[in-house]
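**Q** One predicted model, sequence on top.
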Amino acid sequence: MIISASRRTDIPSYYSEWFINRIREGTVWVRNPMNKKMVSKVTLSPDVVDCIVFWTKDPLPMIPYLNELDQKGYNYYFQFTVTPYENDIEKRLRRKADIIATFKNLSELIGHKKIVWRYDPIIITSKYSIEFHKESFLNLFNQLSSCCNHIIISFIDLYQKIKKENFLEVSQKDQVELALFIGALCKKKGIKVTTCCESMDLSDYGIFSGSCIDISIIENVCNSAVKLKKDKSQRKSCLCYESIDIGAYDTCLHGCSYCYATKACLTSNIYQSQSQILGSDLNKEEDKIYDKVVKSNKSGQ
């Protein structure tokens, strides 16, 4: 089983204490976002958790707990988003210089094979132009490329909820121009670069369609072959493998203008660190709780 922590919210940044308490207890309850009364009880034993995939813009609060995860025998890697946007877009992030320092520190602690740098989403506005992205990516690349060996990029999808923002459609011409620039940089440094959920073929520029829940990374981190199926619950263009997401929508506090996972800019944490479930309370009279059937997918398990 692969645990996703989480596409729905930034667990490392805001809920690391809650997460480690779930690890210590060995179970987590997850509310179905499509059917609120359905709650699954998921076992978190290292015997069945093959790998944990952390998604984050700032993993600093999680770092003190990594040694405990190592000692308990958990495998994991980080999808670490670092973009060049200011607080007009990413409203509550720490200074980028501090986040970059955290990226470097994390790489030193766990190794570069356990960090994927996400430069996404790429948004275009009158302020954030293609030339801006070229300059910014080069600046970040010079600082981070020695700390990872895989980069993921994606272009903004203009969901209905973010159409009120002054984001522009990223044209094919702009995508090609930026892909040519990024692909050449990564090829020169020998760094793999892939896209996330992009329909346009950028392989001529050395950038191929990729997966974020990536079986090659998982097998490398686990040092074992793993049998996984593609995740059919994701968007059609998503190439990720199956995972169980333990997060909850509308709990991230970063306040990013492009976010699809929150309805509004939240101002307070809506959880307790000892809670069995994130983002809500269990109602044992109304909620239908069932045990999620899970198993290890490592070869020979």
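**A** That came through fine.

**Q** can you pull out the helices in the chain?
**A** 11-14, 16-25, 66-72, 96-110, 130-144, 172-189, 215-222 (DSSP state H).

**Q** Isn't Ser136 up against Glu86?
**A** No - counting by C-beta atoms under 8 Å, Ser136 sits too far from Glu86 to count as a contact (10.8 Å). For glycine as for every other residue, the C-beta is placed from the backbone atoms N, C-alpha and C.

**Q** Between these two, which is the more surrounded one?
**A** Ser136 (16 against 12; other C-beta atoms under 10 Å).

**Q** Now do the contacts for the more buried one.
**A** Ser136 makes contact with Pro84, according to C-beta atoms under 8 Å, 6 or more residues apart in numbering.

**Q** I'd like to know how far it sits from Asp174.
**A** Distance, Ser136 to Asp174, by C-beta to C-beta, to the nearest Å: 15 Å.

**Q** count of neighbours near Pro46?
**A** 15.

**Q** Now it. Nearest residue, chain neighbours left out?
**A** Distance criterion C-beta to C-beta, 6 or more residues apart in numbering; nearest residue to Pro46, sequence neighbours excluded, is Gly73 at 4.2 Å.

**Q** Quick check: the gap between that neighbour and Gln160.
**A** On the measure of C-beta to C-beta, Gly73 and Gln160 end up 43 Å apart.

**Q** When those two are compared, which one has more neighbours?
**A** Under the neighbour definition other C-beta under 10 Å, Gly73 and Gln160 were set side by side, and Gly73 has more, 10 against 7.

**Q** can you put the helices of the chain in CSV and add distance to Lys292 and mean pLDDT?
**A** CSV is the format used below for those (distance: least, C-beta to C-beta, whole Å; pLDDT from 0 to 100):
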stretch, distance to Lys292, mean pLDDT
helix 11-14, 18, 97
helix 16-25, 14, 98
helix 66-72, 20, 98
helix 96-110, 28, 98
helix 130-144, 36, 98
helix 172-189, 38, 97
helix 215-222, 19, 96
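
**Q** Need the winner for burial among these.
**A** helix 11-14 (a mean of 24; mean count of other C-beta atoms under 10 Å).

**Q** That one packs against which elements?
**A** Helices and strands in packing contact with helix 11-14 are listed as helix 16-25, strand 51-56; criterion 3 or more C-beta pairs under 8 Å, 6 or more residues apart in numbering; DSSP states H and E.

**Q** now the ones you listed as a markdown table including distance to Gln234?
**A** As requested, the helices and strands packed on helix 11-14 are exported to a markdown table (distance: least, C-beta to C-beta, whole Å):
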| stretch | distance to Gln234 |
| --- | --- |
| helix 16-25 | 22 |
| strand 51-56 | 13 |
